[in-house]
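Participant: Give me the fold of what follows.
(one chain, ligands or ions: 1)
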Amino acid sequence: FRARAESCLTRTTVVWNDIGGLFRVKQLLMETVVIAGLKRPSSVKPWKGVLLFGPPGTGKTLLASAAAGSLGASFYDVKSESILSKYFGESSKLISALYNSAKEKEPSIVFFDEFDSLTKSRSESTSEASAKLLSGILTNMDGLSDKKNDRFVLTLAATNTPWDLDKAVLSRFPRRIYVSLPDPPAIKEIIKIHASDPGTERVNLDLIAEMSALNHYSGRDIQSLCQQAIWNMVHEKNPELFRLAELPFEELNRRTLKVRPLEND
Ligand code: ATP
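Facilitator: Reported below is the predicted structural model:
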């Protein structure tokens, strides 16, 4: 179980500056992380669990990665749905192994993506398995509040549908943070993160930001938009690109794609 639990362990290099907008959300998470790490009077209890909720693609996973990346913490990235289906019946053992590993490798952040999938059960047997899994998570989180076990292990959970979580679960996550769709100033920041500055100089950023906000674009949508725009430029500037498809891979691998001339346009 230990090896399986540690297959969720990743070293993330994401930092707070990789996230556009979400100023207040970043501030709240930074405070949470700092308080968990500082020596503090016994009256100040760190949050053990934080729930990030909001529409898909708004940066919840990115925020969890940045919380871990900025601290150099061990990051356990757990896809709730997949542990439920893959380790059906054994998931509570897996959760104990995961938290034991996280305690040893502190500071640690345990991140449960798609957290709602644990309460949205399709059949009686999966509902029993997810109830066990959830209670395993909550028990381990409670164990961490115990004074003797005061380790830096922060649980972050993300969901798009917080209304699917029951009261018992919500009560373990008193710190709940709404991660919203980006407004125009945040959209401009996200574009600058995903497209290079020389590229963005050529476009009307204000107009794109306004249009994207009107269309309720998420950070993920903006990232795809930038990727598509970059590809369009590459395509436009390298019309002969498809001819290279005849080259053997080793030869292809020796060549460099020239995108730089675009900057001088
Ligand atoms: P889901 O709810 O679907 O799991 P999510 O809220 O966890 O989505 P992420 O996986 O964090 O969203 O974001 C997807 C991708 O979108 C990121 O890898 C990143 O490229 C981009 N992105 C989203 N929000 C931002 C942001 N605020 N700043 C920069 N990039 C962002």
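Participant: do you know how far L207 is from K188?
Facilitator: 11 Å (CB to CB, to the nearest Å). For the C-beta atoms, the positions are set from N, CA and C on the backbone; glycine is no exception.
Participant: So if I had to pick from the two, which one is more boxed in?
Facilitator: Applying other CB atoms under 10 Å to L207 and K188 shows that K188 carries more neighbours, namely 20 against 10.
Participant: what about the residue in the stretch 101-250 of the chain that the ligand sits nearest to, distance to G21?
Facilitator: In the stretch 101-250 of the chain, the residue that lies nearest the ligand is G219 (2.0 Å; CB to the nearest ligand atom). G219 is 8 Å from G21, where distance means CB to CB.
Participant: cool, P239 as well?
Facilitator: 36 Å.
Participant: Now do the strands in the stretch 151-265 of the chain.
Facilitator: For the stretch 151-265 of the chain, the strands defined by DSSP state E, counting those that start in this stretch occupy 153-159, 175-178.
Participant: For the last one, name the packing helices and strands.
Facilitator: Under the contact criterion of 3 or more CB pairs under 8 Å, 6 or more residues apart in numbering; DSSP states H and E, strand 175-178 touches helix 23-37, strand 49-53.
Participant: now those in TSV, with mean pLDDT, mean neighbour count and distance to S130?
Facilitator: Shown next, in TSV, are those (pLDDT from 0 to 100; neighbours: other CB atoms under 10 Å; distance: least, CB to CB, whole Å):
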stretch	mean pLDDT	mean neighbour count	distance to S130
helix 23-37	89	16	26
strand 49-53	94	24	17
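Participant: mind putting these in CSV, distance to the ligand included?
Facilitator: As requested, the helices and strands packed on strand 175-178 are arranged in CSV below (distance: least, CB to the nearest ligand atom, whole Å):
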stretch, distance to the ligand
helix 23-37, 9
strand 49-53, 8
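Participant: For my notes, please list those in a markdown table and give distance to A157 for each entry.
Facilitator: What follows is the helices and strands packed on strand 175-178, written out as a markdown table (distance: least, CB to CB, whole Å):
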| stretch | distance to A157 |
| --- | --- |
| helix 23-37 | 13 |
| strand 49-53 | 5 |
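Participant: higher neighbour count, P239 and G21?
Facilitator: Neighbour totals were compared for P239 and G21, and G21 leads with 24 against 8 (other CB under 10 Å).
Participant: which residues does the more buried one contact?
Facilitator: If you count contacts by CB atoms under 8 Å, 6 or more residues apart in numbering, G21 has them with P182, D183, P185, A186, I187, E189, I190, G219.
Participant: Just say helix, strand or coil for it.
Facilitator: coil (DSSP: H, G, I helix; E, B strand; the rest coil).
Participant: Might you report the residue contacts of the nearest residue to it once chain neighbours are set aside?
Facilitator: The shortest distance from G21 to any non-neighbouring residue, by CB to CB, 6 or more residues apart in numbering, is to A186 (2.4 Å). A186 makes contact with G20, G21, L22, according to CB under 8 Å, 6+ apart.
Participant: Ramachandran angles for the first one?
Facilitator: Just to be clear, that refers to G20. phi -90, psi 150 (degrees, to the nearest 10).
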